[in-house]
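In: Let me see the structure of the following:
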Amino acid sequence: MIKSSKLLKLILLAIAVLFYNLSFATAVIPQDEEIIEEEEVEDSEEEVLREIINLTTLNELMQADENEIIISDYDIISSESDSKLLIDKVFFSLYEITHLIDKAKKVYFYNCKFNLADNAPLVFKDWDFSKLNIVGCELLSPIEFAYSTHSGQYPFLIENCIIQDNLKFTGSLMPIKSIRFKNNEISTAIIIDIPVGSLYVSNCRFIADKIKYDSRDSEKNHYQFSADGLKIGEVFFEENKFNNSKLKNVFSLNFEGSEIGELTMYKNSMQIMNLSYAEIQKSLLIDSLFVENYIGILNFDFPESNTNVPWYNLGNEKLAIFYYDESELIIPYQAKSDEELSDNLKYNDLISAYSKLNTLYHDRGDISSANSSYVEIKDIETRKQAFTQKINPSFNNLINYKLNIFLRFFSDYATNPGKSLIQSIWVILIFTLLYMVSFSRWDGMNYKYYLHQFNRFSIYITTKTRIEDVFTNDMALENNDIQELRKKYQREGKEMPRILKLFGEPLHFLGKFRYEVIPGLIRVLNFQPGAWKDIKTKPIKKMWSGTVIILISSMFLVYVLVVKFLNSLLLSLNSFVVIGYGALPEEDEWFAMYLSIIEGIIGWFLLTIFTITLLSQVLQSA
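Out: Numbers count the residues shown, from 1 in each chain. Reported below is the predicted structural model:
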């Protein structure tokens, strides 16, 4: 009994030890995993974690007596201790950090976030930068660099930033040598209000924030990128996308009144661009430009010798004249509505701007752009004529208006000879179809002809008459001629010139084919050897004969249509080109005669326009 109790205790002890080891092992492993996961989370948080500093601390960092200032991984906020930097204006307040040390500095902002209370602007004033880099930052508040000078050779660089409020460069003392924007996302606006030597904007996305713009003055226009009234040495825009979120008073790009040495734009898309009163002094190059709505071009000047802007970048009636209403809101003028067409002064300004570009294309030898721009000018003039006819009708204006409509349809106002030729071909084909339903002496296919063919075929089908007998009466005269030709050829063949043999043999072959070979083929096929009534009791033979009848009828119909079409086409071409060589080929048939007269008049008119169009294009190319 004692032994058994001891044994039981040993068993229980072993089980307890085993259970303890198992529970310890299962408990340790998850604990280690949790520690690893926590460490990974902490590491990932440390990667994006920014140290929070206020503007006073930022000011201290920037005022340090060092040539190079690196401000990295900071969340910059405003606090009550920044009151010394807060300046009260009449209607708003701003924070101002002024450069106190009289020497140029290299300043780098890396992975910083500007998030000031009450959306108060932060202004860096009177700074002398030998280098300024803002890379990978978030600008949640308005930032302004006022009266900054640029003493270094490196450009001001703003790259890979998220700009959710206005970023401004302002002042008028000294120009900034170069500013570069690359791979940024802008929700409101970038405003340049200081002369710049070189302005480079590449791969930026301007997407208007509706909430921010709704809080701004709705009676004024706002631009997503503005550099108006400035003197800029070089501007380069490449692969930028503007989206104004369908806000009517938000425009994309503004160069109004600026003097730009060289302007280059490549692969940009936007809604509205303002070039009013701008002047390009050295060169203008624009390609792959997509503008959805308007391009303001009032008094836009460009160098005639160094301007390369193919018309497909500006066409589809995007050019407009911008004028301001009483609330300083821009109203685009495009001469489309009756109200706009009634304003002759703005209409003349718009046509003048178009003509200026059209003259440029002619001088450069860009015939395609010259023609396309001319077509757009004439479209506007046609609308003007239609409006004039509505308010002050006259027969002369009506004729000119209708002629413009016709010229637009026929030849793009005498600029497209290919289109005029295609339209002429369509006219010829339409008259060809009309000639097909009329009689022509050239093919001899009239009602009597069809009746005669039907009668011959019905005789052969319904009676036991042989195919030779059916064709005998018709072919007797011609067969005699063919036989006589054959005998003459055999009798005098040795004395004939070779040229007569060449013509005689084909004529003899065609005659034999028509009057001997075809009936012979029908005999070989043994088609309908007896009368139709004799095979009514023979279903298989009746089905075979019916199938062959349908086949022959279809072939005859195709033959008639082909012959009629070819004959009518030649007749239509003859009437269209030369009015029948001075005589009407169908004067015995009144319908065809009148058709040829009408087509002759139309052909003379269209060929005249085609000739003028072709000559004008040849002379332009020359």
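In: Could I get the buried residue list for stretch 68-86?
Out: Residues 71, 74, 76-78, 82, 85 are the ones in stretch 68-86 that count as buried (16 or more other CB atoms under 10 Å). All C-beta atoms are positioned from the backbone trio N, CA, C, and that covers glycine.
In: name the helices or strands packed onto the longest strand seen in the chain?
Out: Secondary structure assigned by DSSP state E gives strand 279-296 as the longest strand of the chain. If you count contacts as 3 or more CB pairs under 8 Å, 6 or more residues apart in numbering; DSSP states H and E, strand 279-296 packs onto strand 259-274, strand 307-308, strand 319-324, strand 330-333.
In: okay, the angle between it and strand 259-274?
Out: 0 degrees (axes from the mean of the first three to the mean of the last three CA atoms, to 10 degrees).
In: shaky segments in the stretch 101-250 of the chain?
Out: Within the stretch 101-250 of the chain, the ranges that satisfy pLDDT under 70 run 118-119, 173.
In: which stretches of it form helices?
Out: Taking DSSP state H, counting those that start in this stretch to define them, one finds helices in the stretch 101-250 of the chain at 210-214.
In: Next, format the helices and strands packed on strand 279-296 as TSV and append mean neighbour count, distance to residue 125 and mean pLDDT.
Out: Below are those laid out as TSV (neighbours: other CB atoms under 10 Å; distance: least, CB to CB, whole Å; pLDDT from 0 to 100):
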stretch	mean neighbour count	distance to residue 125	mean pLDDT
strand 259-274	21	26	95
strand 307-308	16	39	93
strand 319-324	20	32	92
strand 330-333	18	31	91
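In: need those strands in TSV with distance to residue 553, can you?
Out: Formatted as TSV, the helices and strands packed on strand 279-296 follow (distance: least, CB to CB, whole Å):
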stretch	distance to residue 553
strand 259-274	63
strand 307-308	66
strand 319-324	63
strand 330-333	67
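In: circling back: go through the longest strand of the chain and flag the buried ones.
Out: Buried-residue list, strand 279-296, by 16+ other CB under 10 Å: 279-281, 283-284, 286, 289, 291, 293-296.
In: Alpha carbons only: can I get it in PDB?
Out: The C-alpha trace of strand 279-296 is given here as PDB (Å, rounded to 0.1, in the frame of the first residue of the first chain):
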ATOM      1  CA  GLU A 279       6.300  89.600 -74.000                       C
ATOM      2  CA  ILE A 280       8.700  86.800 -75.100                       C
ATOM      3  CA  GLN A 281      12.000  88.500 -76.100                       C
ATOM      4  CA  LYS A 282      14.300  85.700 -77.400                       C
ATOM      5  CA  SER A 283      12.600  82.400 -78.000                       C
ATOM      6  CA  LEU A 284       9.200  80.700 -77.600                       C
ATOM      7  CA  LEU A 285       8.900  76.900 -77.800                       C
ATOM      8  CA  ILE A 286       5.700  75.100 -76.900                       C
ATOM      9  CA  ASP A 287       4.700  71.500 -77.700                       C
ATOM     10  CA  SER A 288       2.400  68.800 -76.300                       C
ATOM     11  CA  LEU A 289       0.400  71.500 -74.600                       C
ATOM     12  CA  PHE A 290      -3.200  70.600 -73.600                       C
ATOM     13  CA  VAL A 291      -5.400  73.500 -72.500                       C
ATOM     14  CA  GLU A 292      -9.000  72.500 -71.700                       C
ATOM     15  CA  ASN A 293     -10.600  75.900 -71.700                       C
ATOM     16  CA  TYR A 294      -8.900  79.200 -72.600                       C
ATOM     17  CA  ILE A 295      -5.600  80.800 -73.500                       C
ATOM     18  CA  GLY A 296      -5.600  84.600 -72.900                       C
END
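In: Not counting sequence-adjacent ones, nearest residue to residue 210?
Out: residue 245 (5.3 Å; CB to CB, 6 or more residues apart in numbering).
In: Minimum distance to residue 426: which of the helices and strands packed on strand 279-296 has it?
Out: Nearest to residue 426 among the helices and strands packed on strand 279-296 is strand 319-324; the distance by CB to CB comes to 32.8 Å.
In: one step back: show the average pLDDT along the longest strand of the chain.
Out: Average pLDDT, strand 279-296: 94.
In: what's next to it, contact-wise?
Out: 256, 258-276, 300-303, 306-310, 313-314, 318-322, 330, 332, 334 (CB atoms under 8 Å, 6 or more residues apart in numbering).
In: what inclination does it have with respect to strand 319-324?
Out: Relative orientation of strand 279-296 versus strand 319-324 (the same axes, to 10 degrees): 90 degrees.
In: Numbering from 764 from now on, please.
Out: Done: numbering now begins at 764, and the last item shifts to strand 1042-1059.
In: what number of residues lie near residue 891?
Out: Taking other CB atoms under 10 Å as the criterion, the count of residues near residue 891 is 17.
In: Any figure for the gap between residue 837 and residue 922?
Out: Remark: distance between residue 837 and residue 922 (CB to CB, to the nearest Å) = 18 Å.
In: again, but for residue 1150
Out: On the measure of CB to CB, residue 1150 and residue 922 end up 52 Å apart.
In: got it, and residue 863?
Out: Counting by CB to CB, the gap from residue 863 to residue 922 is 28 Å.
In: higher neighbour count, these two?
Out: Neighbour count, other CB under 10 Å: between residue 863 and residue 922, residue 922 has more, with 17 against 9.
In: so that one bridges to which residues?
Out: residue 898, residue 945 (DSSP bridges).
In: and which of the buried residues of stretch 831-849 is nearest residue 869?
Out: residue 834 (11.4 Å).
In: where does the closest one land in three-state SS?
Out: strand (DSSP: H, G, I helix; E, B strand; the rest coil).
In: same question, the one 4 residues further on
Out: Three-state secondary structure (criterion: three-state DSSP) places residue 838 in strand.
In: Does the helix or strand containing residue 1167 pack against any helices or strands, and if so which?
Out: For residue 1167, the element it lies in under DSSP states H and E is helix 1158-1174. When contacts are defined as 3+ CB pairs under 8 Å, 6+ apart, helix 1158-1174 packs onto helix 1130-1154, helix 1180-1199, helix 1353-1384.
In: quick check: angle from that helix to helix 1130-1154?
Out: Using the same axes, to 10 degrees: helix 1158-1174 against helix 1130-1154 is 150 degrees.
In: do you know how far the residue lying closest to residue 939 once chain neighbours are set aside is from residue 954?
Out: Excluding the flanking residues, the one nearest residue 939 by CB to CB, 6+ apart is residue 913, at 4.6 Å. Per CB to CB, residue 913 is found 17 Å from residue 954.
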